[in-house]
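1. Kindly return the folded structure for what I paste below:
(2 chains)
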Amino acid sequence: MRARDPETRRPADTTDFPYSIYLPEAARVLNVNPMTELDSLFELELESGRALGHAPGQFVQVSVFGFGECPISISSSPTRGPRFELSIRRVGEVTNALHRLRSGDSVGIRGPLGHGFDVRELHGHDMLVIAGGCALAPARSLIQYVLDERQRFGSFHVLYGARSPNELLFRDELARWGQRDDVHCHVIVDHADESWRGRAGVVTKLFDELPELDRERTMVAVIGPPIMFRFVMLEVLALGIPQNHVYCSIERRMKCGIGKCGHCQANDVYVCMEGPVFKYGRLKALREAIE
Amino acid sequence: MLDGIISHQELLRRIDALRVERRLIGPVARVEPECMPPVRYFYQPVERADELALDFTYCVQSPKAVLLPPAEPLLRFDRESGKFRAGPVIDHTPTALIGVHPCDVHAIELLDAVFSNGNADGHYLARRRSLFIVAVDCPEPCTEGVFCRDMETHETDRGFDVILYRLDADRRYGVVFASDAGRAWLNPSLSSGGMRTPNSDDERTFIRYRQNKERAFEPRLPMPRRELPEMMARSYDSLLWEATAQRCYSCGSCNLACPTCYCFDIRDENELNGGGCRLREWDACMARDFALVAGGHNFRAKPGQRLRHRLYRKAAWIEAQTGLHGCVGCARCDRACTAKISIVEMLGQLAEEVQHAGTRP
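-> Residues are numbered from 1 along each chain as shown, chains lettered A, B, ... in the order given. Next up is the predicted model:
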């Protein structure tokens, strides 16, 4: 007798799974601009010509075959057309391989992944964006978005802190934002050097630069390393801003980016699916999120 | 209600018939006098049905490796400089997995849910759809230390193609079908006499079998399974995590042995010819670097935090996410632990702690 299982009698290339969810799309490197000793800004375009279609705060998995894949947040706003930018710090094998690429080379891209900022919820509000360290990379996507859709927003404040002047990302843009009168951008460094003419100290010091904010009208985005959250949140809550007006983006090492591999879990939450952008109220319930 | 009665000889003939179209994997006895116990069972590919030990106690490793291999290529790529050439690797090998106890059937159901929820994982699902499962019920606990009765996984009525109940010592099996494929495989009308429809005596024997089984499995936890999530919710700040984890070597043996642990890593492997694979490999949340991020911050740097994370998943979170058992009570983690940490003992200790903390809020 023979087993007759119609399920498995189909040819091996069944149409049910024509592709792998782990298969990246090809993207071309258009430009690589060094920003610091370790960070470069990569401008990319999907070879299909398709726009990435992301929201500020989302991320992609970037591949260099033979080296691997790593999660990188998207630094440019979806309002800037089909090209997109990634700020990449070389710290590991994959990011070092990325830094060896030149314009014209190909990389793999999966995404956009995760849950970013619900920009429609932000429309019509005053905005306060607070970023620390490399987190200006994801924050820049939102900052660009607000600047490109300026008429949809009220007053706009950006506070950015880095360890030292050498580690500031997007220096040229920071300078330009500093000169515009439709955004109030303040920068501080922990450790100043002779070249530094700005303020020195932790990012929370910059709160004294803020005018009186309209508590009900202001939406806040906090993006930074875990240590920054606690101190920044104290200041934000002290301003009397309602907790449901505060968004936080948190860092995790996503391997699959699709809610399976387990690496990005904060307690019971897969950050790659529900985050990396969360409402503060949600994060409070996740003890591991920012501890 | 049984669908059929089959003799041992006829069963072996039918399994051999499956071999024509499928590779066979099932429990095989390995005799190693220097090991404890000296006879242990492992899921292995076999050529003939009589190599299988269908009366096995338990398999040291769970059958998850059949569906989620310890290392599997997801993609193949060509590493020519600057060029992008890659394609998926999907495994459709028709396979029959013979001899899965109810606890492991429950575990496979969980894997099915995880890999089909949301972003369907074609690598897993292709293998799953090519898999024919013959479950074998346990008349009594397979070994000491299991707590499948507490987890309500000592029996099952779905998640397989056929289940076999060993009704008596002459190795006569009661058969229940759960799929058309299963029914087609053991179709009584194709029988040379070893497979027949059950009569009223058989049904009475089956009722006795189930009564005996009910008595043979005893609960080991002080509370029913449905109360575990609430108990866990009250245990987050317990000192037991850190105290118990002082013994933990962070080796991840519990993760590897666990039939419901599915977390994985993805990494590239290069071949000398310029090609290579993107591999998926089992990973372990108990390993030190599991929650490490690029900047160097480790979100679960302490062994106690990792132990807490694993137990919360098993006793509360996975069930909240999928509606299915996060732990099936097989106690493989307890047996595999190099530091003799026992999940069932820990659950008991936490329960005691919560009870001592007074009445519920």
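2. what about the residue nearest to B:Pro88 when sequence neighbours are not counted, how many neighbours?
-> Leaving out its chain neighbours, the residue that sits closest to B:Pro88 by CB to CB, 6 or more residues apart in numbering or on different chains is A:Ser20, at 3.3 Å. C-beta: built from backbone N, CA, C; applies to glycine. Using other CB atoms under 10 Å in any protein chain shown, the number of residues around A:Ser20 comes to 19.
3. which ones are touching A:Ser20?
-> B:74-75, B:88-90, B:122-123 (CB atoms under 8 Å, 6 or more residues apart in numbering or on different chains).
4. show me the biggest strand of chain A in terms of residues.
-> Under DSSP state E, the strand in chain A containing the largest number of residues is strand A:25-34.
5. Export only the CA atoms of the helix of greatest length in chain B, formatted as CSV.
-> Ranked by residue count, the top helix of chain B under DSSP state H comes out as helix B:200-216. This file holds the C-alpha atoms of helix B:200-216, laid out as CSV (Å, rounded to 0.1, in the frame of the first residue of the first chain):
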residue,chain,number,x,y,z
SER,B,200,-17.5,-3.4,21.5
ASP,B,201,-14.8,-5.4,23.4
ASP,B,202,-12.2,-3.1,21.9
GLU,B,203,-14.1,-0.1,23.0
ARG,B,204,-14.4,-1.5,26.6
THR,B,205,-10.6,-2.1,26.6
PHE,B,206,-10.0,1.5,25.4
ILE,B,207,-12.2,2.8,28.3
ARG,B,208,-10.2,0.8,30.8
TYR,B,209,-7.0,2.0,29.2
ARG,B,210,-8.1,5.6,29.7
GLN,B,211,-9.2,5.0,33.3
ASN,B,212,-5.8,3.4,34.1
LYS,B,213,-4.0,6.3,32.4
GLU,B,214,-6.0,8.8,34.4
ARG,B,215,-4.8,7.1,37.6
ALA,B,216,-1.2,6.8,36.4
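6. what's the next secondary structure element after it?
-> helix B:228-233 (DSSP states H and E).
7. check whether the worst-scoring helix or strand of chain B on mean pLDDT contacts chain A.
-> Here the helix or strand of chain B ranked lowest by mean pLDDT, DSSP states H and E is strand B:195-196, holding a mean of 88. No. Using CB under 8 Å from any CB of the partner chain, strand B:195-196 never reaches chain A; the gap is at least 10.1 Å.
8. Now tell me what touches that strand from outside.
-> B:4-7, B:10, B:14, B:175, B:186, B:188.
9. same thing but 6 Å
-> Outside strand B:195-196, the residues within contact range by CB atoms under 6 Å, 6 or more residues apart in numbering or on different chains are B:4-6, B:10, B:186, B:188.
10. Specify which member of these is nearest to chain A.
-> The shortest gap between chain A and any of those belongs to B:Leu186, at 9.1 Å (CB to the nearest CB).
11. Let me see the confidence value for the closest one.
-> At B:Leu186, the model reports a pLDDT of 90.
12. one step back: the following helix or strand past the longest strand of chain A versus strand A:25-34: what angle between them?
-> Moving toward the C-terminus from strand A:25-34, the first helix or strand encountered (DSSP H and E) is strand A:39-46. Counting by axes from the mean of the first three to the mean of the last three CA atoms, to 10 degrees, strand A:39-46 lies at 150 degrees to strand A:25-34.
13. so what's the nearest residue to B:Pro224 once chain neighbours are set aside up against?
-> Counting by CB to CB, 6+ apart, B:Pro224 lies nearest to B:Asp150, which is 7.6 Å off, once chain neighbours are set aside. The contact partners of B:Asp150, taken as CB under 6 Å, 6+ apart, are B:219-221, B:225, B:329.
14. Report the mean confidence score over the host helix or strand of B:Asp150.
-> Using DSSP H and E, B:Asp150 sits in helix B:148-151. Averaged over helix B:148-151, pLDDT sits at 95.
15. downstream neighbour of it in the secondary structure list?
-> strand B:162-168.
16. what angle separates that following strand from helix B:200-216?
-> Using the same axes, to 10 degrees: strand B:162-168 against helix B:200-216 is 90 degrees.
17. Quick check: buried residues in strand B:162-168?
-> Using 16 or more other CB atoms under 10 Å in any protein chain shown as the burial criterion, the residues of strand B:162-168 that qualify are B:162-167.
18. Dump those residues into TSV; add pLDDT as well.
-> Shown next, in TSV, are those (pLDDT from 0 to 100):
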residue	pLDDT
B:Val162	97
B:Ile163	97
B:Leu164	97
B:Tyr165	96
B:Arg166	94
B:Leu167	92
